[in-house]
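In: Below: sequence and its predicted model.
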Amino acid sequence: MRAQGTYPTLRGQWLDENARPVPPRPPAPGQGRMVRRYWLYGLCLAVVAATGLFLHEMFRAQEERMARLQAEAAALRAQLEAAQSRNHALRREIERLQTDEYIETVARSQLGYVRPGEIPFMALDPKQGGSGND
């Protein structure tokens, strides 16, 4: 039977409460350096992995932004082409409006001008009853 206050050790021996504890066995030569080296390798690997993830996310965000900007640039190019086409059409209209033929057509139709030697006439609308004898 075990005496009260005694505890088994790793070697299977019983120690008394008042017994001096056995100091831990020192590591084998070079073993402490190896553990530290593995920790250092693990830490470096974690830093490289974290940096890689950060750069991946940063480049992915930049790629999305670039795609949005390219789509916006394409839309603006389409608007520019439409505006240039309309501008070209308006310039042709201005050139057409400044010709003598067009000016003469407008003067005759809207202002009632006639050339020298022409006889103007007016057509009466039958709905207004323009007989004059009423």
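Out: Right, received. Where do you want to start?
In: Next one: residue 58, what pLDDT does it get?
Out: At residue 58, the predicted lDDT confidence score is 92.
In: What is the burial count for it?
Out: Applying other Cβ atoms under 10 Å, we find 10 residues neighbouring residue 58. (C-beta placed from N, C-alpha, C; glycine too.)
In: now residue 108
Out: So residue 108, with other Cβ under 10 Å, has 14 neighbours.
In: for the closest residue to it other than its chain neighbours, helix, strand, or coil?
Out: Closest residue to residue 108 apart from its sequence neighbours, by Cβ to Cβ, 6 or more residues apart in numbering: residue 114 at 7.3 Å. Counting by DSSP: H, G, I helix; E, B strand; the rest coil, the backbone at residue 114 sits in coil.
In: Residue 114 is in contact with residue 107, isn't it?
Out: No - Residue 114 lies out of contact with residue 107 (Cβ atoms under 8 Å); the separation is 9.4 Å.
In: Please enumerate the strands of the protein.
Out: Along the chain, counting by DSSP state E, strands occupy 7-8, 14-15.
In: and the last one, what's its mean pLDDT?
Out: When you say that, I think you mean strand 14-15. Mean predicted lDDT for strand 14-15 stands at 56.
In: Show me the shaky parts of this protein.
Out: Confidence mapping of the chain against pLDDT under 70 gives the ranges 1-22, 27-32, 129-134.
In: show me where it has helices.
Out: Ranges of helices in the chain, per DSSP state H, are 31-97, 100-111.
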